[in-house]
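Participant: Return atomic coordinates for the entry below.
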Amino acid sequence: MKNKIIELVNQLPDSDLEKLYWSVEFLHQNYLYRKSLQDKGIILTERFGLETQQIVEQWDAAFAGEISDKTKEEIYFSEFKWHMFSYKKKDCLTAEAAREAFDGAAKDEVYVFYQNSPQVWVYTNAAGLRSTDFDSQQDVYVFDKALKWTYVHTHESYCGPYFCETVVE
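Facilitator: Numbering: from 1, shown residues only. Sure thing, here's the model as predicted:
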């Protein structure tokens with residue numbers, strides 16, 4: 001397979017090589033991220049189809065359900081769900097306090113999804129998962145299956161990370 005790829009690359013004009021480089025770099029970083037988790041014994045399973053939409057809707061209901069549609073529109077929630085934290089529409093921990101809370105949370109099995117991605121992942125055997133594992137990720141939402149807490153790592157270095165717990169009544 002590598003020989004076929006090299007053959008194709010050798011046929012490309014120099015003007016396309018930079019695009020190719022960044023695509024390969026992205027794939028490589030994604031591989032390193034997944035490998036580092038798997039090296040910790042974390043099992044990654046991708047969910048598909050309608051189930052992923054339902055999981056994200058459950059997250060929305062649990063963590064943003066009390067925020068009005070008007071407010072969501074004003075804070076561009078549809079672009080970045082984490083705006084509810086950066087615009088202070090939802091109480092949460094931020095920065096190092098958020099990292100510490102996430103690191104201390106029970107994480108046997110968690111859901112992970114990314115803003116603007118149809119994929120949802122289940123991370124099993126995830127007790128060793130740490131906030132630093134997500135430092136290379138952008139706009140990632142991590143939460144326990146019981147929807148008791150969520151951890152969000154954004155693409156903005158000055159926003160987040162955020163950790164929010166739902167109120168248990």
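
Participant: Give the burial count for Val140, as a bare number.
Facilitator: Here the count is done by other Cβ atoms under 10 Å, and Val140 has 21 residues near it. For every residue, glycine as well, the C-beta is placed using N, CA and C.

Participant: Now do the same for it: its pLDDT.
Facilitator: Val140 carries a pLDDT value of 97.

Participant: I'd like to know how far it sits from Val112.
Facilitator: Using Cβ to Cβ, to the nearest Å, Val140 is found at 6 Å from Val112.

Participant: okay, and the common contacts of the two?
Facilitator: Shared contacts of Val140 and Val112 (Cβ atoms under 8 Å, 6 or more residues apart in numbering): none.

Participant: List the residues that contact Ser131.
Facilitator: By Cβ under 8 Å, 6+ apart, the residues touching Ser131 are Ala98, Arg99, Phe102, Asp103, Tyr151, His153, Pro161.

Participant: Kindly indicate the member of the residues you listed with the most neighbours.
Facilitator: Going by other Cβ under 10 Å, Tyr151 tops these with 28 neighbours.

Participant: re earlier: right, and the pair among the contacts of Ser131 with maximum separation?
Facilitator: Asp103 and His153 (12.8 Å; Cβ to Cβ).

Participant: and which of the contacts of Ser131 is nearest Asp69?
Facilitator: Tyr151 (25.1 Å).

Participant: mind listing what's buried in the helix or strand hosting Glu57?
Facilitator: Element membership for Glu57, per DSSP states H and E: helix 50-64. Using 16 or more other Cβ atoms under 10 Å as the test for burial, helix 50-64 gives Thr52, Ile55, Val56, Trp59, Ala62, Phe63, Ala64.

Participant: do stretch 66-75 as well
Facilitator: In stretch 66-75, counting by 16+ other Cβ under 10 Å, buried: Ile67, Lys72, Ile75.

Participant: Centre of the chain to that stretch, how far?
Facilitator: Stretch 66-75 sits 22 Å away from the centroid of its parent chain (Cα atoms, centre = their mean, to the nearest Å).

Participant: Would you agree Lys145 is in contact with Glu109?
Facilitator: Yes: using Cβ atoms under 8 Å, Lys145 is in contact with Glu109, at 5.6 Å.

Participant: can you list the weak-confidence ranges in this structure?
Facilitator: 167-169 (pLDDT under 70).
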